[in-house]
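*Asks:* fold the following.
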Amino acid sequence: MTKFNILVSKKFERKQVNILNEFYLGDSQPRELFEHINKEWKKAKLESVSKAYKLRSKQLYSLKRFRVSSRGTLELRVGRTSYKEYVGTRKPDVAEMYGFNQMADPLAVCSVIRTSDNKLLLGIRNSDGVESRAKKIHVVGGFVQPRLFSFSVLDPFTAIIREIVEETGIKERNIIQIHCLGLVYDCELSHPELIFEANVSLNSTVINGYVPNHNEMKLIFIENSPKELADFITLNHSKLVPTGEANLIEYGKVNFGYHWAKSVISEINYERCYVDSQEEMTYNQLRR
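*Replies:* Residues are numbered from 1 along each chain as shown. The predicted structure follows:
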């Protein structure tokens, strides 16, 4: 099974990424799917009690459409969904049974973080306190949540900065540069994710001493070099969260070159994740 697909591969400044609300009511939900979502949610709630984490059906943004405009901006149109709907529709067989339009497809963000001593910050997800992918390796990230009592859309750069602060203890003032590297799709637990790279003014020793607000993962650091990153990805391919792996590959492509990325993808025998002619494929095709 394909772990992820890279939907957009391009470096964007903050002003070049725009999220627009689309008041999309969606297709009517079949009764069978409604019951399936409720069943999956009840199961997830029971598991949350045994694993000691709080599970709530928070509001999320659902990606409906995206494009790179003629001006080079990334435009995403979103509707509303919930974490409950995501839990009930995230497995690929739901799309096969009910169609892609019934998928929750909540938008998330994640980022590779480069420290001042030239290391990359990653994390191993805890066995307790997380709803999915315990003990997997990921970069910092999370779902983009709407502002309370507001129809305006949260800036995705603000969203990823919030995740960095909450999950690492790094202060916003220490994030000195941040770029969006594109858009990817998690084909295992279906959802799209904006990927980023962030530079911080702190070294790995200082960051490792912080106590983050959210204790979701144990921080780890690897050397920021072409060989170290390539070896890390190939050795940990089965342990990496799909969107985190895509983020690392795109980070390497931007910093170490296109041929570096193609070589790594070839090593993990995963050619399909890299789409060279994205304009020829629809969103539905790229989600498979």
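*Asks:* show me what the residue nearest to residue 65 when sequence neighbours are not counted is bridged to.
*Replies:* Of all residues beyond its chain neighbours, the one nearest residue 65 is residue 77 (4.4 Å), with distances taken as CB to CB, 6 or more residues apart in numbering. Glycine gets a C-beta too; all of them are placed from N, C-alpha and C. Residue 77 has these beta-bridge partners by DSSP bridges: residue 20, residue 65.
*Asks:* quick one, helices of the stretch 101-250 of the chain?
*Replies:* For the stretch 101-250 of the chain, applying DSSP state H, counting those that start in this stretch gives helices covering 156-168, 204-208, 226-235, 242-256.
*Asks:* a markdown table please, covering these and showing distance to residue 84 and mean neighbour count.
*Replies:* Output for those, formatted as a markdown table (distance: least, CB to CB, whole Å; neighbours: other CB atoms under 10 Å):
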| stretch | distance to residue 84 | mean neighbour count |
| --- | --- | --- |
| helix 156-168 | 20 | 21 |
| helix 204-208 | 34 | 17 |
| helix 226-235 | 33 | 16 |
| helix 242-256 | 21 | 24 |
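*Asks:* between these, which gets nearest to residue 140?
*Replies:* Each of the helices of the stretch 101-250 of the chain has some distance to residue 140 by CB to CB; the shortest is helix 156-168, at 4.9 Å.
*Asks:* so what touches that closest one?
*Replies:* Residues external to helix 156-168 that are found in contact with it (CB atoms under 8 Å, 6 or more residues apart in numbering): 14, 17, 19, 107, 109-111, 113, 121, 123, 140-142, 144-145, 170-172, 175, 178, 180, 194, 196, 198, 207, 210, 212-214, 216-217, 219.
*Asks:* could you give the mean pLDDT of it?
*Replies:* Mean pLDDT, taken over the full extent of helix 156-168, equals 95.
*Asks:* got the CA positions of it in PDB?
*Replies:* Coordinates of the C-alpha atoms in helix 156-168 are reproduced here as PDB (Å, rounded to 0.1, in the frame of the first residue of the first chain):
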ATOM      1  CA  PRO A 156      -1.300  27.800   8.400                       C
ATOM      2  CA  PHE A 157       2.000  29.400   9.400                       C
ATOM      3  CA  THR A 158       0.400  30.500  12.700                       C
ATOM      4  CA  ALA A 159      -0.900  26.900  13.100                       C
ATOM      5  CA  ILE A 160       2.500  25.300  12.700                       C
ATOM      6  CA  ILE A 161       4.200  27.800  14.900                       C
ATOM      7  CA  ARG A 162       1.700  27.000  17.600                       C
ATOM      8  CA  GLU A 163       2.500  23.200  17.200                       C
ATOM      9  CA  ILE A 164       6.200  23.900  17.500                       C
ATOM     10  CA  VAL A 165       5.700  25.900  20.700                       C
ATOM     11  CA  GLU A 166       3.400  23.400  22.300                       C
ATOM     12  CA  GLU A 167       5.300  20.200  21.400                       C
ATOM     13  CA  THR A 168       8.900  21.400  21.900                       C
END
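*Asks:* and of the helices of the stretch 101-250 of the chain, who's closest to residue 38?
*Replies:* Go through the helices of the stretch 101-250 of the chain one by one with CB to CB and the one that ends up closest to residue 38 is helix 242-256, at 26.8 Å.
*Asks:* give me the subset of the contacts of helix 156-168 lying in strands.
*Replies:* Judged by DSSP state E, strands contain the following of those: 17, 19, 109-111, 113, 121, 123, 140-142, 175, 178, 180, 194, 196, 198, 217, 219.
*Asks:* where does this structure have low pLDDT?
*Replies:* Per-residue confidence for the chain (pLDDT under 70) gives these ranges: 1, 23-27, 51-52, 127-129, 148-153, 213-214, 271-288.
*Asks:* who are the contact partners of the most centrally placed residue in it?
*Replies:* Residue closest to the mean C-alpha point of the chain, counted by CA atoms, centre = their mean, is residue 193 at 3.7 Å. Taking CB under 8 Å, 6+ apart, we find residue 193 in contact with 107, 108, 109, 110, 141, 183, 184, 185, 186, 243, 246, 247.
*Asks:* and which of those is nearest residue 72?
*Replies:* residue 183 (14.2 Å).
*Asks:* quick check: that closest one vs residue 75, distance?
*Replies:* Noted for residue 183: a distance of 11 Å to residue 75, by CB to CB, to the nearest Å.
*Asks:* looking at these two, which one has more neighbours?
*Replies:* Neighbours per residue (other CB atoms under 10 Å) separate residue 183 from residue 75, with residue 183 holding more: 27 against 15.
*Asks:* these two touch, right, residue 64 and residue 21?
*Replies:* No - under the contact definition of CB atoms under 8 Å, residue 64 does not touch residue 21, with a separation of 10.1 Å.
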